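> Coordinates only, no sequence provided:
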């Protein structure tokens, strides 16, 4: 069975500082990996996704993530955080032949201080 | 395209009441899913469907029923609401060739008293 671990429940960074949110997954075959962002009271917005190919993927809002098979990780990064990035971030994993089901991590809440 | 729409946005029920959360998509997606979101638990899959007339259980199906009579609609029914079903519910759709990428609706916030 697939599983996703986001070890950091809550992270605080200063505006302008760099950010890395951790995501570890468990799945035997090649996973499909996603990062979603959720602002308070809002729905989920897709930041970026990995299916195959280049292991460094670029997303919206200046985010990127790197797939590292050897570490079963898909960490999300941003070089310089803006106050508007404060939100909850979810990592999710899917796989071929699973009827598009996703398994989500428990989320990381990002707070940005000015 | 409206994408995935959900109604209502908010709902308050009393224990034992029944209701249906509506979900519709206009992208002609074969796959549709229902998730619930609870604090500290992320999103968990309730039920899903791979096409009209075909549904299956997800991780947390107890207390919920679904049916899929058309490609566009995938309603979620609570037959006898319980306080443990207080949550935010998200409907999602996807296509078989989208590598599991889900398109989410705006959510329904349900409170059961």
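Sure thing, it's come through. Bear in mind that the values here come from a model prediction, so they are computed numbers and not experimental data.

> Tell me what the residue positioned nearest the centre of chain B is bridged to.
Closest residue to the average C-alpha location of chain B: residue B:34 at 3.0 Å, with CA atoms, centre = their mean. On DSSP bridges, the residues paired with residue B:34 through beta bridges are residue B:47, residue B:91.

> swap in residue B:42?
residue B:38.

> how close does the residue nearest to residue B:53 when sequence neighbours are not counted get to chain A?
In space, residue B:53 comes closest to residue B:68 once its chain neighbours are excluded; the distance is 6.3 Å by CB to CB, 6 or more residues apart in numbering or on different chains. Yep, even glycine has a C-beta here, placed from its N, CA and C like the rest. Distance, residue B:68 to chain A, by CB to the nearest CB, to the nearest Å: 13 Å.

> What of residue B:93?
The value you get for residue B:93 to chain A, if CB to the nearest CB is used, is 9 Å.

> How about the contacts made by that residue?
Going by CB atoms under 8 Å, 6 or more residues apart in numbering or on different chains, residue B:93 touches B:4, B:25, B:27, B:29, B:31-33, B:74, B:102-103.

> could you redo the last one with a cut-off of 6 Å?
Contacts for residue B:93 (CB atoms under 6 Å, 6 or more residues apart in numbering or on different chains) come out as B:4, B:25, B:29, B:32, B:103.

> and the last one, what pLDDT?
What that stands for is residue B:103. According to the prediction, residue B:103 has pLDDT 92.

> ok, how many other residues are close to it?
Residue B:103 is flanked by 18 other residues according to other CB atoms under 10 Å in any protein chain shown.

> before we move on, the earlier item: gap between the residue nearest to residue B:53 and residue A:96?
Between residue B:68 and residue A:96 the distance is 22 Å, computed by CB to CB, to the nearest Å.

> Check residue A:113 too.
Distance check for residue A:113 against residue A:96: by CB to CB, it reads 41 Å.

> ok, the helix or strand encompassing residue A:112: who's next to it in the sheet?
In this assignment (DSSP states H and E), residue A:112 forms part of strand A:108-113. Here strand A:108-113 has these sheet partners by DSSP bridges: strand A:10-14 (parallel), strand A:87-94 (antiparallel).
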